[in-house]
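> any chance you can model this:
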Amino acid sequence: MKSIKYAITIIATVSCGIASAENITVTMEPVHKDSVKRLFQPHMPGGLAISRMTEGLPEIQSVAGLDIDAPLHARLSFLDSPAEPIVIVGLDSDGQDIAFAAADSTAQPQRLQLKTGSIDGVRDAPRAELIVSSVGQVSEFKIEFFINRERNFVMYRNLELRLGEADIDGQRYAIALVRGPYFGSYSPRADSLGRTSHDLLIDRDGDGVFLTSLYGQTEVLEDEVFEITNPFLINDRVYKEADVSATGDRLVIERSEQRVALAMGFEMPNVTVTRLDGSAIELTALRGKPVVINWWHTACAPCIAEMPELNELVEKYEGHDVEFLAIADNEIAELPPFLEKHPFIYDIAVANAEAARILGTSYPRHVIVNDEGKVVLDITGLSSNTVDQIDTVIGSLLSEL
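So this is what the prediction gives:
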């Protein structure tokens, strides 16, 4: 990775001479997203915010007499800032795209320099950069917006992210902080769905690239992107974000006693589930061979739809040392009548509360654990290539045994 100016301070505190806690404070430098696209594969994190455009000029005095034809306008909002800039787009006297922005309802609109670009499947969309003024506790920040005339909305994103480096457990790691599109500050604050929408990225394998998606991978790779408030593993030790400044220039990481949920590249948490005959299965007892887990529910239509293909997969690997385990989020009594109508030849078991907590609330979910107990595939939902992906990973794992 290209070298980044950084400052690292290790602060060690000792309690009664027995236990110590290590805080790692990292200085994070501002970087324009587009200048470091190559560092994020397969895509840049952060996402887009969307605001619906309304026909006509906004009902504010400052736009009176604005020379613009076929105007549309939108108010851009942020969850952590009262700033609400107004974007006005339309056509000039020559029929060319034109855009203005006003910092608020009282400010005079300023003409913006429009370019064209492609984003989120929209080609040659008019786009412009805009500085959102400092309001309250949130300093000014720069965004870029795109006009989607076909769907009549504005898409916008933060243009800055933060990069730094830190020594963690004796090894140096590149780190990135990326804000969610509806936020002006880097400080964690949940949105309406309880998500912070901020990403913490750590180049855990040291290859100079932040891996932002594991979907479709068949290798054993480690997650490198985390929601900023979630714990993460470095060399089998759990860490978490302890503090991040509003401007993102300072990040503090500390050791944590929190548990890391099921994740690619990590050891599968041990759970005990119960077969229909009442016998128990511990996942750790299945070490030494690939384990293909299907998390499902009898009321889940996609789960039922994929069962015939999953049965074919079991038949394909008959005689190979592979465990196919279907864990149902049901009571045992609900399964026999269901299975009479919908044959399913995985090893059927039901989840207890701990298994349900680890596997989550979305079905179907497919998790493959290798012979060492590490998660090498994790897919949620039904798609046309789900079974093909499972098949590919099983074949790859068996070839390595």
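
> for stretch 156-173, buried residues please.
Buried residues in stretch 156-173, counted by 16 or more other Cβ atoms under 10 Å: 156-166, 168, 173. Where you see a C-beta, it was placed from the backbone N, CA and C, and this is true even at glycine.

> widest-spaced pair of those?
Among the buried residues of stretch 156-173, the pair separated by the greatest distance (Cβ to Cβ) is Tyr156 and Ile168, at 33.9 Å.

> about what we covered before: now, which of the buried residues of stretch 156-173 sits nearest Gly95?
Tyr156 (25.1 Å).

> can you tell me the SS state at that closest one?
Under DSSP: H, G, I helix; E, B strand; the rest coil, Tyr156 falls in the strand class.

> partners of the residue lying closest to it once chain neighbours are set aside in the sheet?
Distances taken as Cβ to Cβ, 6 or more residues apart in numbering put Phe145 closest to Tyr156, at 4.0 Å, once the chain neighbours are dropped. Beta-bridge partners recorded for Phe145 (DSSP bridges): Ala128, Tyr156.

> test my guess that Phe145 contacts Val154.
Yes. Here Phe145 reaches Val154: they are 5.2 Å apart, a contact under Cβ atoms under 8 Å.

> anything in contact with each of those two?
76, 87 (Cβ atoms under 8 Å, 6 or more residues apart in numbering).

> which residue is the nearest non-sequential neighbour of Pro290?
Closest residue to Pro290 apart from its sequence neighbours, by Cβ to Cβ, 6+ apart: Leu397 at 4.5 Å.

> mind listing what the one you found touches?
By Cβ under 8 Å, 6+ apart, the contact set of Leu397 is 290, 368, 370-371, 376.

> tell me the two of those residues that are most distant?
Comparing every pair within those by Cβ to Cβ identifies Ile368 and Asp371 as the most remote, at 11.0 Å.

> neighbour-wise, which of the two wins?
Ile368 (24 against 16; other Cβ atoms under 10 Å).

> in terms of pLDDT, where does the closest residue in space to that one that isn't next to it in sequence sit?
Distances taken as Cβ to Cβ, 6+ apart place Leu377 nearest to Ile368, at 4.0 Å, with adjacent residues excluded. Leu377 carries a pLDDT score of 89 in this model.

> burial check on Leu377, number of neighbours?
For Leu377, the count of nearby residues is 26 (other Cβ under 10 Å).

> Val31 now?
By other Cβ under 10 Å, 16 other residues sit near Val31.

> buried set for whichever strand or helix holds it?
Following DSSP states H and E, one finds Val31 within strand 29-32. Going by neighbour count (16+ other Cβ under 10 Å), the buried part of strand 29-32 is Val31.

> sheet-wise, list the partners of that strand with their directions.
Looking at strand 29-32 with DSSP bridges, its partner strands are strand 160-168 (antiparallel).
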